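A.B. asks: no sequence on this one, just coordinates:
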DNA sequence: CGCCCCATTGAGAGTAATCAACACCAGTGG
DNA sequence: CCACTGGTGTTGATTACTCTCAATGGGGCG
């Protein structure tokens, strides 16, 4: 296991105000701080295996992790894309039903599971925050069914790019509708997330580039020149200003 | 709104030990009992509309409700099938992002949302139970991605029938692998749940009947003569004895 | 008893999967 | 410095599964 502990404090943490610890009072934060440890995982490395004992729960600090299941005949579906501030793990349960893998280099803020469960029991700011995040994740997971069940290949790619643009994108200082971000997944992983083959995923990316919906630089950099255009392609009526 | 209040106590409630109230102490249950009310909804009637203020949260006592989203061009996806003991609603939020509809006649045990949030705040047995149920729902919603993203039409129908067999099925007293249940959804709803057209859903049901995987009586009764056979069709390696 | 909704079945069209070849880039070693 | 190599991505040709359009059948309710 390529786990390299790192010294760091919560004060300068990039996800301090969005993660499970967001609403903590100073003394609650201190309790979490005492049981936390950082772990850096290399791209492609496993984090947890489905069904195996899971000693930690964790927040993603940076990078991207994926949850996936593989059928006996090799078909794989990525069930979740965990980006910075997302919470991985399952209090009150020994195992997760998904393989968890680093899609790009990942830094985790880990909590020993049993200790974390104790904190949940008597710090409402943590348990309420976790419930709220879990309900949001549930809504997001159910929303994803629309993508997988009802959208065409081009729409699926667009919906995926739109999510990344919103969560990872940096806005151009001169043109607020122009957004740039880096793809944390390979074409194969994108396909497995979207329920497509990698060839179809690649073809639709090319088509979006030909049609001017996106621009690309190198393997992983994507530029969205007009976010509203991408929203239309993704059948997304939401303006993205709602929610927390 | 076809809401008909009904007199009833928690003592004889069919979902008493599985719903959000499962782990309550007598006095906690009494607090819930004071704010609860029953509602009977006719098949096909709306329960909540996406985005509209939601005054109640509720447990499904009997029947089946569906969560759904409809795209502007009319494509519909059912995002969740809520069966007895499932919890509908979203503490700490004014609205749900899905339409909620009764698929068959539904009885709900409702709690006024604001009052329920207060109870969450100071009865750990309820909030822990709700967190646990929400985490289970999240796992289930993510599992569903495998069905929508990677399974063929015949496998999707099989996976759906298997879920119903496990949750609603009555086992034959002479043959424990023989299970009977009643379909709470029309072909169109099944198709919208599985990301298929109703014609494809119907054809695959017919094919499973021809191949002896299922038998049917009337429109809605399904008999699974051999549950193991259905599991194979659904690519399900789980024996269903785990969990809770 | 008749109507309407729901379900079934058929024929043809279209989108994505499959099979296959090639291009690109990064890292490695001669 | 450049050829080599393997992983990753792109593009093309063909196949196959599901969708679409269409007609018919059957069960339940007024």
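C.D. replies: Looks like it arrived, so ask away. On a predicted model such as this, the values are computed, not experimentally measured, just so you know. Numbering: from 1, shown residues only, chains lettered A, B, ... in the order given.
A.B. asks: So residue A:115 versus chain B, what's the distance?
C.D. replies: Separation of residue A:115 from chain B (C-beta to the nearest C-beta, to the nearest Å) stands at 17 Å. Where C-beta positions appear, they are placed from N, C-alpha and C, glycine not excepted.
A.B. asks: quick one: the spatially most central residue of chain A and residue A:63, what's the gap?
C.D. replies: In chain A, the C-alpha nearest the mean C-alpha coordinate belongs to residue A:82, at 2.2 Å (C-alpha atoms, centre = their mean). To residue A:63, residue A:82 is 9 Å away according to C-beta to C-beta, to the nearest Å.
A.B. asks: show me the contacts for residue A:179.
C.D. replies: Neighbouring residues of residue A:179 by C-beta atoms under 8 Å, 6 or more residues apart in numbering or on different chains: A:165, A:169, A:170, A:171, A:172, A:223, A:224, A:227.
A.B. asks: contacting residues for the closest residue to the fifth one other than its chain neighbours?
C.D. replies: Counting by C-beta to C-beta, 6 or more residues apart in numbering or on different chains, the nearest residue to residue A:172 once its immediate chain neighbours are dropped is residue A:178, at 3.8 Å. Shown here is residue A:178, whose contacts under the criterion C-beta under 8 Å, 6+ apart are A:171, A:172, A:223, A:224, A:225, A:226, A:227.
A.B. asks: In strands, which of those residues appear?
C.D. replies: A:171, A:223, A:224 (DSSP state E).
A.B. asks: what's the burial count for the first one?
C.D. replies: Translated: residue A:171. Neighbours of residue A:171 under the rule other C-beta atoms under 10 Å in any protein chain shown: 13.
A.B. asks: Mind listing what's buried along the lengthiest helix in chain A?
C.D. replies: Ranked by residue count and defined by DSSP state H, the top helix of chain A is helix A:124-150. Under the neighbour-count criterion of 16 or more other C-beta atoms under 10 Å in any protein chain shown, helix A:124-150 has A:124-135, A:137-150 buried.
A.B. asks: From residue A:187, how far out is residue A:197?
C.D. replies: Counting by C-beta to C-beta, the gap from residue A:197 to residue A:187 is 10 Å.
A.B. asks: Roughly how far does the residue nearest to residue A:25 when sequence neighbours are not counted sit from chain B?
C.D. replies: Distances taken as C-beta to C-beta, 6+ apart put residue A:125 closest to residue A:25, at 6.5 Å, once the chain neighbours are dropped. Residue A:125 sits 11 Å away from chain B, going by C-beta to the nearest C-beta.
A.B. asks: which ones are touching residue A:125?
C.D. replies: A:23, A:24, A:25, A:28.
A.B. asks: same thing but at 10 Å, please
C.D. replies: A:20, A:21, A:22, A:23, A:24, A:25, A:28, A:29, A:119 (C-beta atoms under 10 Å, 6 or more residues apart in numbering or on different chains).
A.B. asks: most surrounded residue in those residues?
C.D. replies: When neighbours are counted by other C-beta under 10 Å, residue A:20 leads the contacts of residue A:125 with 27 neighbours.
A.B. asks: for it, what are its contacts?
C.D. replies: Contacts of residue A:20 (C-beta under 10 Å, 6+ apart): A:32, A:57-59, A:85-87, A:89, A:109, A:111, A:116, A:120, A:125-127, A:129-130, A:132-134.
A.B. asks: Keep the residues you listed, but drop any that are not near DNA strand D.
C.D. replies: Among those, no residue sits close to DNA strand D (C-beta under 7 Å from any atom of the strand).
A.B. asks: so where's chain A uncertain?
C.D. replies: Applying pLDDT under 70 to chain A flags the ranges A:1-7, A:238-244.
A.B. asks: Could you tell me which residues of it lie near DNA strand D?
C.D. replies: A:44, A:186-188, A:198-199, A:202-203, A:205-206, A:216, A:219-220.
A.B. asks: try 6 Å
C.D. replies: A:186, A:187, A:188, A:198, A:199, A:202, A:203, A:205, A:206, A:219 (C-beta under 6 Å from any atom of the strand).
A.B. asks: returning to that earlier point: more neighbours, residue A:197 and residue A:187?
C.D. replies: Using other C-beta under 10 Å, the more surrounded residue of residue A:197 and residue A:187 is residue A:187, with 17 against 14.
A.B. asks: for the more buried one, what are its contacts?
C.D. replies: If you count contacts by C-beta under 10 Å, 6+ apart, residue A:187 has them with A:196, A:197, A:198, A:199, A:200, A:201, A:202, A:205, A:219.
A.B. asks: Now do the contacts for the residue nearest to it when sequence neighbours are not counted.
C.D. replies: If the residues on either side of it in the chain are set aside, residue A:187 comes closest to residue A:198, at 4.7 Å by C-beta to C-beta, 6+ apart. Shown in contact with residue A:198 (C-beta under 10 Å, 6+ apart): A:186, A:187, A:188, A:189, A:190, A:191, A:192.
A.B. asks: Recalculate using a threshold of 8 Å.
C.D. replies: Counting by C-beta under 8 Å, 6+ apart, residue A:198 has contacts A:187, A:188, A:190, A:191.
A.B. asks: doesn't the third one fall inside a strand?
C.D. replies: Put plainly, it is residue A:190. No. If the criterion is DSSP: H, G, I helix; E, B strand; the rest coil, then residue A:190 is helix and not within a strand.
A.B. asks: nearest spatial neighbour of it, skipping sequence neighbours?
C.D. replies: Per C-beta to C-beta, 6+ apart, closest to residue A:190 is residue A:201, 4.9 Å.
A.B. asks: Could you report the neighbour count for that neighbour?
C.D. replies: So residue A:201, with other C-beta under 10 Å, has 24 neighbours.
A.B. asks: What's the end-to-end length of stretch A:209-229?
C.D. replies: End-to-end distance of stretch A:209-229 (C-alpha to C-alpha, to the nearest Å): 13 Å.
A.B. asks: Is there proximity between that stretch and DNA strand C?
C.D. replies: No. Shown here: stretch A:209-229 not in contact with DNA strand C (C-beta under 6 Å from any atom of the strand), separated by at least 6.7 Å.
A.B. asks: next one: that stretch to chain centre, how far?
C.D. replies: A distance of 21 Å separates the centroid of the chain from that of stretch A:209-229, by C-alpha atoms, centre = their mean, to the nearest Å.
A.B. asks: Name the residues of chain A found near DNA strand C, please.
C.D. replies: A:152, A:153, A:196, A:197, A:199, A:200.
A.B. asks: filter those to the buried ones?
C.D. replies: For those, buried by 16+ other C-beta under 10 Å: A:153, A:196, A:200.
A.B. asks: Could you measure from the first one over to chain B?
C.D. replies: Noted for residue A:153: a distance of 12 Å to chain B, by C-beta to the nearest C-beta.
A.B. asks: Identify the residues contacting that residue.
C.D. replies: If a contact means C-beta under 8 Å, 6+ apart, then residue A:153 has A:194, A:196, A:200, A:201, A:203, A:204 as its contacts.
A.B. asks: quick one on the thing from earlier: against DNA strand C, how distant is the residue nearest to residue A:25?
C.D. replies: Taking C-beta to the nearest atom of the strand, to the nearest Å as the criterion, residue A:125 is separated from DNA strand C by 43 Å.
A.B. asks: ok, how many other residues are close to residue A:224?
C.D. replies: 25.
A.B. asks: Also residue A:97?
C.D. replies: Neighbours of residue A:97 (other C-beta under 10 Å): 18.
A.B. asks: Surely it is in a strand?
C.D. replies: No. Applying three-state DSSP, one finds residue A:97 to be coil, outside a strand.
A.B. asks: No more questions from me, cheers.
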